[in-house]
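Q: Provided below for reference: sequence and predicted model.
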Amino acid sequence: MQHLRKALEILKEMPPDRSRDSRELELQTAIGAVAFVSEGEGSADAGRAWARAVELAITLDDVPRKALALRLLGFNLVGRGELRRASEISRDLYELSQQDRNPELEAKANHLMGFVAFQTGEFRKSEQHMGAAAAQDPTRAGVRTRDHALVSRGAALWYLGFPDQALALAREALMLGEDPDNPYQHTAVLQWAGTIHLLRGELALAEDLLRKSLNLCAERGFPIVGALNTVLMGLLAALRGQAQAGLEQICRGSEILAANSATIRQGPPYVLALGYALAGKPDEAFATLEEDLKWTERSGGEFWLASMHLLKGHLFQGRANWEEAEKFFRTSIEIARRQSAKSLELRATTSLARLLAKQGKCEEARNMLSEIYGWFTEGADTADLKNAKELLEKL
């Protein structure tokens with residue numbers, strides 16, 4: 001980074017012309033890439049560099065490099081939680097790809113649009129764009145998009161209620177192997193694949209992939225992805241019954257993220273709150289959830305929203321406040337339905353059915369749970385469907 005910045009200082013002393021602008025465009029793109037990897041996806045340095053690169057590319061009428069800068073800036077804005085602006089950038093990039101009629105560029109535009117849609121909780125839209133991104137570009141340059149698009153599409157499919165298809169796409173992405181030209185992305189692919197196993201309730205398989213990603217991050221100097229892996233590893237430990245140790249690990253990873261000047265949240269929304277809840281610290285969980293919900297409202301990042309309300313319901317249930325617990329369970333179900341997130345709807349309905357059964361409303365509980373359980377056509381061996389089936393049998 002020091003050498004790149006020094007080169008930029010020297011360049012600024014040169015008289016302005018197209019040649020100078022072209023060289024600065026190249027330098028700003030490189031500066032952004034280094035900051036993105038070393039400081040995190042929401043790096044302020046990366047954002048400034050790529051915004052300048054967009055300006056220069058427009059001045060030079062350089063469509064390929066404008067497209068690259070727009071795409072990189074879009075991912076940076078997602079990392080900063082500026083999702084509405086990221087959505088605008090993704091649309092600009094898609095329009096540019098349509099004008100240029102470039103399949104590779106269209107694949108990358110779909111990739112960004114799918115990633116933004118996932119963060120905003122538009123899972124069906126995300127799945128469609130990621131599917132298009134994975135299918136459009138069979139070239140080697142496209143593989144770097146394809147592996148991430150495959151595993152991201154898999155995550156969207158889990159939310160949509162297709163856990164087996166999600167797993168198949170995660171495995172396909174991993175089979176592509178690491179691209180030597182893009183080692184950073186492979187750590188992210190491993191992390192997403194591990195997250196899919198975590199969502200399915202396959203904790204040992206999730207730990208294996210997350211640990212591989214964590215080790216690669218340590219070897220190659222990718223601190224932010226490494227910190228996210230640390231947070232998720234802590235959650236795994238907490239879910240396995242090592243609640244206090246898991247919470248400490250979640251906090252440790254969150255502190256690394258918070259220490260980075262570009263990080264907008266102390267770790268992924270909801271995960272820290274869940275860690276507090278699993279460790280028997282409901283007051284801290286409530287306080288963290290309130291901050292998470294404020295951040296969600298500001299940013300538009302709603303993919304955790306149903307889970308946040310579900311956790312709130314469990315926290316109120318722990319205080320024997322049945323009325324508030326039921327309210328938040330029902331809100332979680334409403335959000336999940338709005339997002340077409342059948343897997344989240346199943347989780348929230350299972351929790352609500354269990355609460356209603358304790359209140360003697362077994363018929364209502366059985367009817368609502370059997371309806372959502374009957375919707376699923378795959379994933380019978382996953383944790384959520386097993387839990388729902390067990391409860392239905394009791395009811």
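A: Arrived safely.
Q: okay, the spatially most central residue of the chain: pLDDT?
A: Computing the C-alpha centroid of the chain and ranking residues by Cα atoms, centre = their mean puts Gln119 first, at 6.1 Å. Looking at Gln119, its pLDDT is 93.
Q: what does Ala380 give?
A: pLDDT for Ala380: 96.
Q: what's the answer for Ser22, then?
A: Ser22 is assigned a pLDDT of 83 by the prediction.
Q: name the helices or strands packed onto the host helix or strand of Phe75?
A: Under the criterion of DSSP states H and E, Phe75 resides in helix 63-79. Packing contacts for helix 63-79, counted by 3 or more Cβ pairs under 8 Å, 6 or more residues apart in numbering; DSSP states H and E, involve helix 18-39, helix 44-60, helix 83-100, helix 103-119. For glycine as for every other residue, the C-beta is placed from the backbone atoms N, C-alpha and C.
Q: let's see that with 6 Å instead.
A: Counting by 3 or more Cβ pairs under 6 Å, 6 or more residues apart in numbering; DSSP states H and E, the packing neighbours recorded for helix 63-79 are helix 44-60, helix 83-100, helix 103-119.
Q: what's the next secondary structure element after the helix or strand where Ser254 lies?
A: For Ser254, the host element (DSSP H and E) is helix 243-259. Per DSSP H and E, the first helix or strand lying C-terminal to helix 243-259 is helix 271-278.
Q: residues in contact with that next one?
A: Under the contact criterion Cβ atoms under 6 Å, 6 or more residues apart in numbering, helix 271-278 has outside partners 231, 235, 238, 243, 247, 250, 254, 284-285, 288-289, 311.
Q: go with 8 Å
A: The contact list for helix 271-278 (Cβ atoms under 8 Å, 6 or more residues apart in numbering) reads 231-232, 234-235, 238-239, 243, 246-247, 250-251, 254, 266, 282, 284-286, 288-289, 292, 308, 311, 314-315.
Q: do stretch 77-85 as well
A: Under Cβ under 8 Å, 6+ apart, the answer for stretch 77-85 is 40-44, 47, 86, 89, 115-116, 119-120, 262, 264-265, 295, 298-301.
Q: residues touching Glu55, list them.
A: Applying Cβ under 8 Å, 6+ apart, no residues contact Glu55.
Q: what does the pLDDT read for it?
A: Per the predicted model, pLDDT is 88 at Glu55.
Q: kindly report the same for Gly267.
A: 59.
Q: buried subset of the contacts of stretch 77-85, written for PyMOL?
A: A single PyMOL command selects the buried members of the contacts of stretch 77-85 (16 or more other Cβ atoms under 10 Å):
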select buried, resi 40+41+42+43+44+47+86+89+115+116+119+120+262+264+265+299+300+301
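Q: any buried residues in the helix holding Phe75, and which?
A: Residues of helix 63-79 classed as buried: 63, 65-79 (neighbour count, 16+ other Cβ under 10 Å).
Q: ok, so of those residues, who is nearest Asp381?
A: Val78 (32.8 Å; Cβ to Cβ).
Q: from what I can see Asn110 touches Tyr94, true?
A: Yes - Asn110 is within contact range of Tyr94, at 7.3 Å (criterion: Cβ atoms under 8 Å).
Q: burial of Ala49, as a residue count?
A: Look at Ala49: counted by other Cβ atoms under 10 Å, it has 26 neighbours.
Q: oops, could you answer that again for Ser343 instead?
A: The burial count for Ser343: 25, using other Cβ under 10 Å.
Q: by contact count, what packs against the strand or helix carrying it?
A: Following DSSP H and E, one finds Ser343 within helix 342-358. Packing partners of helix 342-358 (3+ Cβ pairs under 8 Å, 6+ apart): helix 140-160, helix 305-318, helix 322-338, helix 362-375, helix 383-394.
Q: mind putting those in JSON lines, mean pLDDT included?
A: Formatted as JSON lines, the helices and strands packed on helix 342-358 follow (pLDDT from 0 to 100):
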{"stretch": "helix 140-160", "mean pLDDT": "84"}
{"stretch": "helix 305-318", "mean pLDDT": "97"}
{"stretch": "helix 322-338", "mean pLDDT": "98"}
{"stretch": "helix 362-375", "mean pLDDT": "97"}
{"stretch": "helix 383-394", "mean pLDDT": "97"}
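Q: how about these in a markdown table, adding distance to Leu105?
A: As requested, these are arranged in a markdown table below (distance: least, Cβ to Cβ, whole Å):
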| stretch | distance to Leu105 |
| --- | --- |
| helix 140-160 | 10 |
| helix 305-318 | 32 |
| helix 322-338 | 32 |
| helix 362-375 | 38 |
| helix 383-394 | 38 |
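Q: re the thing from before, and the angle from the helix holding Phe75 to helix 140-160?
A: 30 degrees (axes from the mean of the first three to the mean of the last three Cα atoms, to 10 degrees).
Q: same question for helix 63-79, mean pLDDT?
A: The model assigns helix 63-79 a mean pLDDT of 88.
Q: gap between it and the chain center?
A: Put simply, helix 63-79 sits 18 Å off its chain's centre (Cα atoms, centre = their mean, to the nearest Å).
Q: residues contacting Ala206?
A: 194-195, 197-198, 232, 236.
Q: can you tell me how far it is from Phe36?
A: In this view, Ala206 and Phe36 are 26 Å apart by Cβ to Cβ, to the nearest Å.
Q: try Leu278
A: Distance, Leu278 to Phe36, using Cβ to Cβ: 32 Å.
Q: between those two, which one's more packed in?
A: Neighbour count, other Cβ under 10 Å: between Leu278 and Phe36, Phe36 has more, with 24 against 20.
Q: need the pLDDT of the residue lying closest to that one once chain neighbours are set aside.
A: Using Cβ to Cβ, 6 or more residues apart in numbering and skipping residues adjacent in sequence, the residue nearest Phe36 is Ala46, 4.4 Å away. With respect to pLDDT, Ala46 scores 85.
Q: still on that earlier bit, report the angle between the axes of the helix holding Ser254 and helix 271-278?
A: In terms of direction (the same axes, to 10 degrees), helix 243-259 departs from helix 271-278 by 160 degrees.
Q: run through who's touching helix 243-259.
A: 40, 223-224, 226-240, 263, 265-267, 271-272, 275-276, 278-281.
Q: which of the residues you listed count as buried?
A: 40, 223-224, 226-239, 263, 265-267, 271-272, 275-276, 278-279, 281.
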